[in-house]
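Novice: missing the sequence, but the structure's below:
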């Protein structure tokens with residue numbers, strides 16, 4: 001395989017590993033890439049390998065494998081790992097200016113997510129199909145991506161009153177990785193599949209792989225296994241044309257660009273991932289019928305704050321005065337769903353509970369079931 005040298009496209013944003021700044025042409029001082037980049041060149045003739053390296057350095061015409069002493073040869077640097085020229089001197093500015101620089105980068109995130117709304121919508125509709133037919137939704141990730149997976153999944157049951165196993169977050173290294181970094185576990189491709197297998201994954205389920213760069217073996221392995229099993233698969237990744245995009249059925253790729261701190265993907269990439277997860281889980285619950293208007297009518301009133309919120313929702317949905325709404329909540333034993341069915345269908349606690357159980361705890365369907373019964377009786 002032939003090897004040639006060309007100018008590194010990252011030359012303006014990188015420094016040598018020792019921080020050297022060799023002189024460029026015309027005596028101007030320039031900074032150079034610290035790591036030669038290997039990129040395969042598509043050609044019908046012969047496969048060639050381009051070694052990107054500063055042209056002022058001695059050219060290399062060496063057979064592979066060759067790794068320069070002070071550099072790391074790699075195939076295509078993910079955009080999430082590249083340097084950000086906008087924050088190259090963030091360590092030298094004031095605290096206020098440092099947070100301004102970060103805030104300016106954060107402004108790019110929502111715009112990046114907006115560009116992938118069609119893909120998000122497709123994924124949601126596919127996921128809802130699985131959930132309506134007895135399937136479950138699994139998020140899979142490592143490091144920050146895995147923590148976001150567990151975070152979003154854990155908030156769905158109290159918010160929408162669904163079983164705790166309906167939406168599950170799977171993180172490499174187990175739940176211990178939530179508070180203690182175990183990033184080395186992400187390199188095990190087989191473990192991703194094993195962890196899904198341990199949770200009884202079936203072809204009826206949906207799996208979303210979450211990864212900033214899209215190269216994580218653990219997550220890729222999980223997505224591949226899920227797809228082979230017949231699951232619907234999607235991925236949320238901030239690096240286009242990455243390995244995981246080829247493994248998943250639907251790829252959601254909000255490209256947020258380089259991080260304010262090089263490679264710190266808990267920042268913009270993590271924010272983009274959480275925005276997408278918010279949309280997926282929220283709209284999926286809306287489609288399943290657990291929201292009325294913009295009210296979380298299936299929420300669990302598990303503490304005083306949430307009980308007060310439930311009473312306010314009951315007031316808005318039924319038109320009751322506050323005292324009457326509070327009394328009805330007491331009769332429903334603190335269950336907002338039961339209280340809503342009791343009021344709007346005019347039935348007892350027991351009847352309301354039974355109707356909810358028969359209709360997947362969807363309030364509107366439970367109420368509608370009494371309307372149908374009444375209609376049949378009149379006939």
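Specialist: Sure, I can see it. Please read all numbers here as calculations on a predicted model, not as lab measurements.

Novice: look up how far residue 287 lies from residue 298.
Specialist: 13 Å (C-beta to C-beta, to the nearest Å). Backbone N, C-alpha and C define where each C-beta goes, glycine included.

Novice: those two - which one has more neighbours?
Specialist: residue 298 (25 against 16; other C-beta atoms under 10 Å).

Novice: what sits closest to the more buried one if chain neighbours are left out?
Specialist: residue 161 (3.5 Å; C-beta to C-beta, 6 or more residues apart in numbering).

Novice: tally of neighbours for that neighbour?
Specialist: Count around residue 161 with other C-beta under 10 Å applied: 21.

Novice: one more: residue 311?
Specialist: 21.

Novice: same check on residue 82?
Specialist: Residue 82 has 17 nearby residues by other C-beta under 10 Å.

Novice: go ahead and flag the most central residue of this structure.
Specialist: Nearest to the geometric centre of the chain sits residue 273, at 3.7 Å (C-alpha atoms, centre = their mean).

Novice: which residues touch that residue?
Specialist: 144, 145, 148, 210, 212, 236, 238 (C-beta atoms under 8 Å, 6 or more residues apart in numbering).

Novice: what does residue 212 give?
Specialist: With C-beta under 8 Å, 6+ apart, residue 212 has these contacts: 78, 80, 144, 145, 237, 238, 239, 265, 269, 270, 273.

Novice: show the buried residues in those.
Specialist: Buried by 16 or more other C-beta atoms under 10 Å: 78, 80, 144, 145, 237, 238, 239, 265, 269, 270, 273, out of the contacts of residue 212.

Novice: three-state assignment of the fourth one?
Specialist: Yep, that's residue 145 we're talking about. helix (DSSP: H, G, I helix; E, B strand; the rest coil).

Novice: nearest spatial neighbour of it, skipping sequence neighbours?
Specialist: Using C-beta to C-beta, 6+ apart, the closest residue to residue 145 is residue 210 (4.0 Å).

Novice: pLDDT value on the one you found, please?
Specialist: Residue 210 is assigned 98 on the pLDDT scale.

Novice: that one sits in which helix or strand?
Specialist: strand 206-211 (DSSP states H and E).

Novice: give the other helices and strands that that strand contacts.
Specialist: Contact partners of strand 206-211 among helices and strands, from 3 or more C-beta pairs under 8 Å, 6 or more residues apart in numbering; DSSP states H and E: helix 117-132, strand 137-141, helix 143-160, helix 217-229, strand 232-237, helix 243-247, helix 268-287.

Novice: in the third one, what's buried?
Specialist: When you say that, I think you mean helix 143-160. Buried, per 16+ other C-beta under 10 Å, within helix 143-160: 143-150, 152-153, 156-160.

Novice: how about the fourth one?
Specialist: For helix 217-229, the neighbour count (16+ other C-beta under 10 Å) marks 217, 218, 219, 220, 221, 222, 223, 224, 225, 226, 227, 229 as buried.

Novice: just the residues you listed now: which is nearest residue 249?
Specialist: The closest of the buried residues of helix 217-229 to residue 249 turns out to be residue 227 (C-beta to C-beta; 6.6 Å).
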